[in-house]
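Visitor: Turn this into a structure:
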Amino acid sequence: MSLFAGVGGGAAAGEPASAGGTGRALLELTPHKLAVCHLVQVFAPPAQAGGDVVPPSPFESVAHHNRLGLFLFTLTRSCDDFREPSLEELLRQLKAVDDLTNGCLCEQLTSTLSVLISPDDLFNFFDKLRGVLTAPEGAGAEDILLDPNSQLGVFLRCCILAFNSMTFEGICHLLADLVMYCNSTDTSYDLAEDEDFDTEMNNLMDADISSQADIFEKYRQGRESESHMGESSSALTRAPMILHDLDEANTFKVDEDNPTSLRSRWQLEAYLNQQADLLEKDPSSVPLNSFNATMTQLQTLAPELHRVQFLQYLNALCHDDYIASLDNLHRYFDYSAGMQGLFGRSVSAVQDVIVGKYEGALLCLGNLHCHFGHPKKALEAFSEAVRVSQMNNDDSCLAYVLGAISNLLAKIGMSNTVGIVSSPYSLGTNIGLGTPLSIQQQLLVLLKRSLKRADLLKLPSLLAFDHLSLAKFDLKNVQRPLVSFGPNASTKLRTCPADVCKNLRLSSRVLSDFGTDALSTSSENGSFSTSWLRNLATASDSRRSGSMRSTKLHNDFDNFHYLGQPSPIPSPVLQLAGSSYLLRATAWEHYGSAPMVRMNALIYATCFADAASSSELSLAYVKLIQQLAVFKGYSAAFCALKLAERKFPSSASSHIQLLRMQILHERALHRGHLKVAQQICDEFGVLSSSVCGVDIELKIEASVRRARTLLAAKQFSQAAAVANSLFSTCYKYNLQVENASVLLLLAEIHKKSDNVVLGLPYALASQSFCKSFNLDLLEASATLTLAELWLALGSSHAKRALSLVYQSLPMILGHGGLELRARAHIVLAKCHLSDPKFSVTEDSEAVLDPLNQATEDLRVLEYHEMAAEAYYLKAIAYNHQCKLEEREEAAACFREHITALENPRKEEDSLAY
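Guide: The predicted model follows:
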């Protein structure tokens with residue numbers, strides 16, 4: 001029976017062969033690796049052959065024995081730092097595992113390391129290690145052995161190979177480092193330097209090395225000129241003494257009394273991937289300068305590890321440092337030609353983009369320009385990347401470039417008909433047309449091309465991304481046929497929600513297909529082992545703090561908090577699956593289903609929070625807080641907003657900052673605090689970029705807020721001018737969904753300026769747009785505005801207005817917020833009161849019930865203008881019934897709201913929450 005057979009052997013087992021083929025050592029021996037080798041020998045001693053299945057001494061149970069094996073496995077896979085842990089830290093972790101044997105393992109480790117004082121001792125130590133991997137004579141199939149192809153078996157083989165490749169001088173270096181390693185721990189485990197060791201080293205080296213400083217100075221000079229097997233990889237496994245000359249301002253400093261060695265190459269790669277994931281998830285938690293200092297330190301220790309420069313590029317990109325990001329990107333491709341990859345965190349079995357080529361650098365350069373809002377430069381880089389990819393037959397990179405172009409077109413508005421690849425006619429010629437295509441048609445063609453290539457090349461991550469992009473496209477664009485004339489031309493001019501749902505389901509298949517086909521070969525990247533060790537230390541601390549209450553743990557597995565471990569599913573898979581739920585919430589916002597918005601946002605915030613980036617997670621929180629503001633009022637929304645601001649600092653999440661400004665502006669308008677509303681509008685204008693086409697959604701939001709503020713100030717001509725300019729902008733960038741809202745705003749402006757006839761075409765046009773894009777809730781609001789306009793034409797149109805109100809009521813009462821419901825109730829009451837055939841005395845409940853509900857909703861919103869209208873209508877209804885006391889009470893409330901609206905006090909309170 002083999003212990004940990006095949007664990008991690010798939011990736012690691014192949015390494016010795018490749019290393020042997022190149023004549024390079026896999027890793028260089030360090031004191032920490034010697035300590036781990038000893039623990040492996042304790043875990044699977046050579047004397048275990050003979051059929052005895054009882055755990056070897058000093059283990060008290062099989063569970064205790066397996067616990068040490070799991071601990072050793074995580075030690076060889078963890079990547080929480082690029083340096084190996086000190087002996088003190090190792091002993092602290094080992095104590096948590098060694099709980100049942102009263103520190104026996106710790107004592108064995110320190111005693112074994114203390115007797116390694118000569119090259120002969122090291123030779124005998126590794127000679128015993130060979131017995132762990134070799135079955136003795138007479139061993140049976142049921143004997144407990146360590147599988148040579150397992151993670152621990154490969155680790156031992158690499159250490160033995162490294163020892164056999166060491167020169168005599170290298171062995172002396174290792175012995176000196178071992179003395180420093182042992183003496184660096186606390187007083188409980190101090191190992192005095194043996195006098196025999198000094199004598200023997202003096203005889204061997206024929207030099208005066210009585211002091212440790214002289215030893216390390218001589219060894220440092222010797223290492224610089226050392227040339228033996230494994231020299232090419234020495235920079236990745238050894239920390240030179242220049243480390244101690246670093247600036248003290250660096251975050252990561254090393255104790256001068258403790259020799260520092262880098263982890264294995266695999267662990268360094270996993271560490272860099274982990275830092276890249278951290279930058280993507282929460283850039284605000286990574287300080288720019290200290291992170292660069294750490295990467296500079298690592299680059300000094302490992303000059304051959306060029307991915308450090310790419311990580312510095314990502315850090316500068318996340319912190320919006322254009323000069324530094326461009327410089328580091330150039331450095332990475334100049335020094336390494338990109339041969340070390342772009343962090344292969346894809347879910348596919350093979351690396352998707354084969355970098356080390358010119359097209360890989362162009363792809364990164366285009367993404368950089370896209371991030372900083374340079375759409376023309378980004379398109380130039382992407383177009384060149386397409387040309388080079390086609391010339392080099394790099395289909396994978398071409399698929400990713402097409403996906404990047406489609407993402408650029410979807411996020412950044414472009415008004416003119418610009419050819420994406422080489423000329424305006426290139427896409428059209430490929431599909432049999434001679435006329436240039438619009439931006440939306442080009443985007444659709446690119447998305448379908450990228451989707452087809454991703455499917456043929458088996459790139460599941462890109463395939464899921466393209467399905468999400470197609471869902472976004474189908475959500476906001478009517479797919480007109482490329483040939484829009486002739487007998488077979490389609491007359492359908494509506495979006496298809498079924499296509500949106502289909503693409504969203506297909507994009508989430510990246511999660512359901514996990515564990516099959518290409519995804520099944522995804523190997524563990526070290527994050528699970530890293531988290532396991534951290535939780536082990538936490539459990540050890542909690543056990544130590546509770547030792548006053550309990551002297552012994554009853555459960556042998558209390559130190560193992562498996563529920564606190566990360567998900568075994570890779571983060572890219574979870575991110576793509578979670579993005580589909582976030583897009584579902586956005587789609588239901590357009591369609592007008594509030595319960596579905598809340599459900600999908602809650603699923604994302606609950607199930608995908610660990611893998612989500614801070615930007616996407618904050619967007620889910622924004623959607624939930626927006627629902628609170630619409631349905632529960634501003635008090636509940638601001639309470640949730642405070643929690644979100646503590647979780648997402650304003651410097652890290654623009655979504656939270658924009659949400660705060662939106663809610664403050666809405667409340668200021670409802671209270672009649674126009675100066676505060678105008679101040680917030682100015683802040684919206686400052687946040688948006690001055691570059692044409694960049695931050696187009698933010699610019700539209702700022703213009704809408706400005707027009708509404710002017711409308712509330714009764715400056716109708718200026719409000720209409722801003723709205724007309726906004727409509728032209730939306731038409732210019734083909735933002736049809738936004739046009740529906742702008743048309744409705746124009747109808748509101750003409751309604752309040754008593755230009756009812758001019759407002760009717762805008763309301764009808766908005767209603768038509770809403771039907772084309774299936775904006776059900778917005779269509780109900782447009783229908784309600786249309787009813788108000790008909791009602792304003794005179795009492796003869798009361799029945800038509802009432803019919804329109806009844807048509808919109810089911811959607812409004814089912815999915816509308818407090819303001820929309822209150823408005824519908826007020827319009828319903830106005831229709832009844834305007835109808836000459838309606839008698840209030842006969843059916844007063846038809847008027848008073850909606851008005852009572854409206855006043856209750858408006859009280860929560862503090863909407864003075866609409867509340868005054870509701871109380872005015874209530875006073876009229878009570879007057880018809882000759883209820884004078886109720887009429888005076890309603891009139892007093894009307895006067896109170898009018899006074900608050902016309903004479904606002906303490907406007908500065910609208911900025912506090």
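Visitor: Residue ranges of each domain in this protein, please.
Guide: For the chain, the TED database gives the domain ranges 31-46+55-135+144-184, 817-912.
Visitor: for the first one, what is the average pLDDT?
Guide: Mean pLDDT, domain 31-46+55-135+144-184: 79.
Visitor: So in this protein, which helix runs the longest?
Guide: When the chain is parsed with DSSP state H, its longest helix is helix 571-591.
Visitor: quick one: the helices in the stretch 551-700 of the chain?
Guide: In the stretch 551-700 of the chain, the helices defined using DSSP state H, counting those that start in this stretch lie at 571-591, 594-607, 614-632, 634-647, 654-671, 674-687, 696-712.
Visitor: Quick check: mean pLDDT of the fourth one?
Guide: Per-region confidence: helix 634-647 scores 92 on mean pLDDT.
Visitor: for that helix, which positions count as buried?
Guide: Under the neighbour-count criterion of 16 or more other CB atoms under 10 Å, helix 634-647 has Tyr634, Ala637, Phe638, Ala640, Leu641, Ala644, Glu645 buried. All C-beta atoms are positioned from the backbone trio N, CA, C, and that covers glycine.
Visitor: packing partners for that helix?
Guide: On a contact count with 3 or more CB pairs under 8 Å, 6 or more residues apart in numbering; DSSP states H and E, helix 634-647 meets helix 614-632, helix 654-671.
Visitor: Compute the inter-axis angle for the last one and helix 634-647.
Guide: Interaxial angle of helix 654-671 relative to helix 634-647 (axes from the mean of the first three to the mean of the last three CA atoms, to 10 degrees): 160 degrees.
Visitor: got the buried residues for helix 654-671?
Guide: Buried residues in helix 654-671 (16+ other CB under 10 Å): 655-671.
Visitor: got CSV for the domains of the chain, with mean neighbour count and distance to Gln267 too?
Guide: Listed next are the domains of the chain as CSV, based on neighbours: other CB atoms under 10 Å; distance: least, CB to CB, whole Å:
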stretch, mean neighbour count, distance to Gln267
domain 31-46+55-135+144-184, 19, 5
domain 817-912, 18, 50
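Visitor: Could you provide those in JSON lines, with additional columns for distance to Leu504?
Guide: Shown next, in JSON lines, are those (distance: least, CB to CB, whole Å):
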{"stretch": "domain 31-46+55-135+144-184", "distance to Leu504": "34"}
{"stretch": "domain 817-912", "distance to Leu504": "25"}
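Visitor: circling back to that earlier point, any idea of the mean pLDDT in the longest helix of the chain?
Guide: 88.
Visitor: Then stretch 890-899?
Guide: The predicted model assigns stretch 890-899 a mean pLDDT of 93.
Visitor: any chance you could map the strands in the protein?
Guide: Secondary structure of the chain by DSSP state E: the strands cover 2-3, 145-146.
Visitor: Show residues contacting stretch 861-877.
Guide: Residues from elsewhere that reach stretch 861-877 (CB atoms under 8 Å, 6 or more residues apart in numbering): 633-634, 667, 670-672, 712, 818-819, 822-823, 825-826, 829-830, 833, 840, 844, 847-848, 851-852, 854-855, 858-859, 886-887, 890-891, 893-894, 897-898, 900-901.
Visitor: Please repeat the previous calculation with a cut-off of 6 Å.
Guide: 633, 670-672, 818-819, 826, 829, 840, 847-848, 851, 854-855, 858, 887, 890-891, 893-894, 897-898, 900-901 (CB atoms under 6 Å, 6 or more residues apart in numbering).
Visitor: Out of those residues, list just those in helices.
Guide: Using DSSP H, 670-671, 818-819, 826, 829, 847-848, 851, 854-855, 858, 887, 890-891, 893-894, 897-898, 900-901 are the members of the contacts of stretch 861-877 that sit in helices.
Visitor: Tell me, how many residues neighbour Ala577?
Guide: 22 (other CB atoms under 10 Å).
Visitor: for the stretch 401-550 of the chain, which spans come out with low pLDDT?
Guide: Low-confidence segments of the stretch 401-550 of the chain, defined by pLDDT under 70: 412-438, 480-492, 511-550.
Visitor: swap the cut-off to 50 and go again
Guide: 416-435, 485, 516-523, 547-550 (pLDDT under 50).
Visitor: Then the stretch 151-300 of the chain?
Guide: 186-259.
Visitor: will you turn the helices of the stretch 551-700 of the chain into TSV that also has distance to Ile405?
Guide: Below are the helices of the stretch 551-700 of the chain laid out as TSV (distance: least, CB to CB, whole Å):
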stretch	distance to Ile405
helix 571-591	19
helix 594-607	27
helix 614-632	22
helix 634-647	34
helix 654-671	24
helix 674-687	27
helix 696-712	17
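Visitor: out of these, nearest to Glu380?
Guide: Glu380 lies closest, by CB to CB, to one member of those: helix 696-712, at 20.3 Å.
Visitor: I'd like to know which elements that closest one is packed against.
Guide: Identification of packing neighbours for helix 696-712 by 3 or more CB pairs under 6 Å, 6 or more residues apart in numbering; DSSP states H and E yields helix 674-687, helix 716-732.
Visitor: Contacts for that helix, please.
Guide: Contacts to helix 696-712, defined as CB under 6 Å, 6+ apart, come from residues 413, 665, 669, 677-678, 681, 684-685, 688, 718-719, 722-723, 726, 733, 738, 749.
Visitor: which among these end up buried?
Guide: Buried among those (16+ other CB under 10 Å): 413, 665, 669, 677-678, 681, 684, 688, 719, 722-723, 726, 733, 738, 749.
Visitor: Run a quick neighbour tally on the spatially closest residue to Ser725 that is not a sequence neighbour.
Guide: Spatially, and ignoring its direct neighbours in sequence, Ser725 is nearest to Ser703 (7.2 Å; CB to CB, 6 or more residues apart in numbering). Neighbour count of Ser703, defined by other CB under 10 Å: 23.
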